[in-house]
Structures are given as C-alpha cells and as structure tokens.
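# next input, structure requested:
(2 chains)
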Amino acid sequence: MRLAAGLAALAGIAVAGYLTWSHYVDSSVLCVGGGGCEEVQSSEYASIAGTPVAALGLASYTTILGLIVWDAPRARLAAAALALVGLVFSLYLLVVQLAVIDAVCVWCLANDVVIAPALAALTALRLRSWGPGEAPSARLGRGSP
Amino acid sequence: MVYRRDAGTRQADLGAVPPTPKETRSQPSGRTVVVAFSIAIVAAVALVAAALLLRDDGGSDSPPAQLVDLESIPQDGLTLGSPDATVTLIEYADFQCPFCRAYAVDVFPTVLEEYVRPGRVRSEYRGLAFLGPDSETALRYALAASLQDRFWQLQHALYAEQGDENSGWVTDELVRELAEDVPGLDVDRMFADADGNEVDELIDRANAQAQVDQVPGTPTFFVRIGDEEPYRIELPLEPDAFREALDDALRS
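Okay, the predicted model is just below:
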C-alpha cells in the first residue's frame, strides 16, 4: 500500500508538474485544439495571488511523497491530512471547471477525479493499518498505562 | 533501531502483529488523528476561500483591451508595417485561443508602438481555426477585411471582444458593430467576401503553411530576417520577452 500511495503521489507530481511547466514556460503554445485546457489554464481560477494552483499541487504532492518515504507514524498522519486538504481543494477546482468556467481540462480532471481521491484514500488506509484507534493515549503519555 | 522500525512497518502493513512498544509510543492517538483531520478540513476550507478571494484576473475574463490606432501604418493583406522593414514577426493564431488574446492585448501594443510603427518590424498574421466554429467564423470575416487591407483593426477588435469558446459569440451583429468602427472598411463587401473563394484560399494557404512549419498550437511565433528562412521563437507572452527577441533579430 505504501508503494501504491507513492505511485499516486508520483502521478500527482507528474500531472501538477506538467501543468505548472505549461503555465510558466510553454504558455505560448497552449491552445492545442479542441480541449478546454487552454481555457481552464488561462482562467482567473488558475492562480491564487499570482501562484498557479498547479504549483500548489506540485508542492503538496512532493511533500506527501516525502512523508511517504519518511514513513514515521506522524508522517503518515501528516500525509493523510495533507492529502485530505488536496482532495477538498481538487473537488473545489472540479466544481469551478464544471460550473463556472464551463470547460474541462483533461489533465486537471485526471488529478481531481483519479489521483487526489486515490491518494487521500491510500494515505487514510495506511493510517488505519497502523491502528491509530488502538493506540491509547497512554502511549503518548497522556493517560494511565 | 533501523531494523526494528522496518520490521514494525511491515508487520503493521500486514495488520497481523501489533507494533513494537518503540513505535506505539510515537503513534498518534485516535484523538490526534481527529484533530489533524479537523485542522486539514479547516485548512482546506480556508484554502478554497483564499482561492476565491485572491483569484487572479486574467485571460478571457480580463477587461476589454483599448483599441490601438492602426490608421497611419501600412497594411497589405495580412501584413502590418513598412514594406522596408527587414524583420517580420509571424504569428499563427486562432481567434478563440485565450493566449492569442493575451498576446493581442498584453504584448501586441508594445510590438506595435516600439517596432512596427517606427518601421523596424512587420507583423504578419496567419489565421488558423481549429478550436471550433466561432474560430472559423471570426477568421473568415477578418480575412475578408484583409482583402480591403483592413485586417488588423478588425483582428484587434475581435480579440478584445473574445467570448467563451464556441459559445456562439461571433455573431453577425458583433462583427458588423466592430467592422463599422474600422475606417475605410466596406462592411457589406466584407460580409459578402467572407464565404468567397479568396477567403477559402487564404485559409487553405495558412493551413498548408502551418503544416510545413510544424505549428504545434497557437499562438506560435516565427521571426524572419530579410529573405532568410523564418525561425521559431518560444517566449512567455510578455512585452520584455518580445523586445529581446526582436532586438536580437534587428541586430543580426
């Protein structure tokens, strides 16, 4: 499961990396026929205070990958929490694409519908496999043994 | 210690053997997990709120561009600028492409005022229509205007008014309204020419040339110096980047 989560994070890095790259470097060749990527990427929702949302995604996926590699219990928790933030934000971006911009970018869709939910599920499941519910607070020194 | 941690991880993944005391001591409790997830949800909501509040205006939603004055600059079909200019900036573009609009609005005024108007550079437009029906409608009218050497005014006005992709924004009313503001343009003749053979030929020629030039998308820019083979330039759509590319071409 650690491998699957790592692969999901890598897929996220690839997609977010591509979208960040196209935002900065290749903005001159983005209208490539048919798809709505150019419309989504050029919309006002594609960046927050000058930072492309793709770059935020790239930073998040990289951090999650780092946490998966680290793999301490708290790293697992942090990875799951960060993946949850990513999932919620991806859902927001999905709604914006469908309801506001009225155009869908296939790369964004791959992230919002497949990668972000998969990563959130995998990181959460890994948390469960450690059995956090079975870890009494005593073990953190907060209760009786 | 490393061995024990690795072993603990493997056991935990299998879910069969309880973790060693060493690991359980650092494991988050159920309460910690709930707190962490609550913070995550709050952070996510804050992020969405920030995204909505701080979203950047740009692209097709930015305000209409101020129309540039092109009256005193020579036009020949799809070319704008002095025939004596040694450098030609060639643009492949689609009327519906938001990045082409970004060029028209954010960069073209600089190219126009600093390079084309002083007679140093010519600007040549090669229209493609691959984003949908509105692309072709707009292109046909603009090419029809080019038959009267009035292409550039209408081109710029169409980009300034660019609507959502294939929403039917290129209406006859819009085109007529924009065209009537172009001095010297016979609007009725332009409408009549839009479906004519000459416009067909111009579209075919641009498509064939785009294939030869291996144009990957729009906008794509080439620079031609004198009669030399044009070379492709890949730039961010910013005035400074185009200044640098054109200065380089003018120096060589």
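
# number of residues surrounding B:R117?
As a burial measure, B:R117 scores 18 neighbours (other Cβ atoms under 10 Å in any protein chain shown). No exception for glycine: its C-beta is placed from N, CA and C like everyone else's.

# ok, for it, nearest residue in space, not its chain neighbours?
B:I73 (6.0 Å; Cβ to Cβ, 6 or more residues apart in numbering or on different chains).

# which helices and strands does the helix or strand hosting B:A49 pack with?
Per DSSP states H and E: B:A49 is located in helix B:30-53. Contact analysis of helix B:30-53 by 3 or more Cβ pairs under 8 Å, 6 or more residues apart in numbering or on different chains; DSSP states H and E lists helix A:73-95 as its packing neighbours.

# what is the burial count for the residue nearest to B:R117?
B:I73, neighbours per other Cβ under 10 Å, totals 17.

# so where's the stretch 51-200 of chain B uncertain?
For the stretch 51-200 of chain B, the stretches with pLDDT under 70 are B:56-67.

# show me where it has its strands.
B:75-76, B:79-80, B:87-93, B:121-127 (DSSP state E, counting those that start in this stretch).

# in CSV: those strands, plus mean neighbour count and distance to chain A.
Shown next, in CSV, are these (neighbours: other Cβ atoms under 10 Å in any protein chain shown; distance: least, Cβ to the nearest Cβ, whole Å):
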stretch, mean neighbour count, distance to chain A
strand B:75-76, 16, 25
strand B:79-80, 24, 20
strand B:87-93, 22, 8
strand B:121-127, 22, 13
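
# so for A:L98, which of those strands sits nearest?
With Cβ to Cβ as the measure, strand B:87-93 is the member of the strands of the stretch 51-200 of chain B nearest A:L98 (28.0 Å).

# adjacent strands (with direction) for the closest one?
strand B:121-127 (parallel), strand B:220-225 (antiparallel) (DSSP bridges).

# buried sites along the last one?
Residues of strand B:220-225 classed as buried: B:T220, B:F221, B:F222, B:V223, B:R224 (neighbour count, 16 or more other Cβ atoms under 10 Å in any protein chain shown).

# now what about the following helix or strand past it, what contacts it?
Where DSSP H and E defines the elements, the next helix or strand beyond strand B:220-225 is strand B:231-233. For strand B:231-233, contacts defined as Cβ atoms under 8 Å, 6 or more residues apart in numbering or on different chains pick out B:D213, B:T220, B:F221, B:F222, B:V223, B:R224, B:A245.

# now the helix holding B:A49 against helix A:73-95, angle please.
Between helix B:30-53 and helix A:73-95, the angle comes out at 30 degrees (axes from the mean of the first three to the mean of the last three Cα atoms, to 10 degrees).

# gap between helix B:30-53 and the chain center?
35 Å (Cα atoms, centre = their mean, to the nearest Å).

# sorry, back to before: the strands paired with strand B:87-93: which one's closest to A:L7?
Of the strands paired with strand B:87-93, nearest to A:L7 by Cβ to Cβ is strand B:220-225, at 35.2 Å.

# is it correct that A:E38 is in contact with B:Q96?
No - with contact defined as Cβ atoms under 8 Å, A:E38 does not count as touching B:Q96 (9.2 Å).
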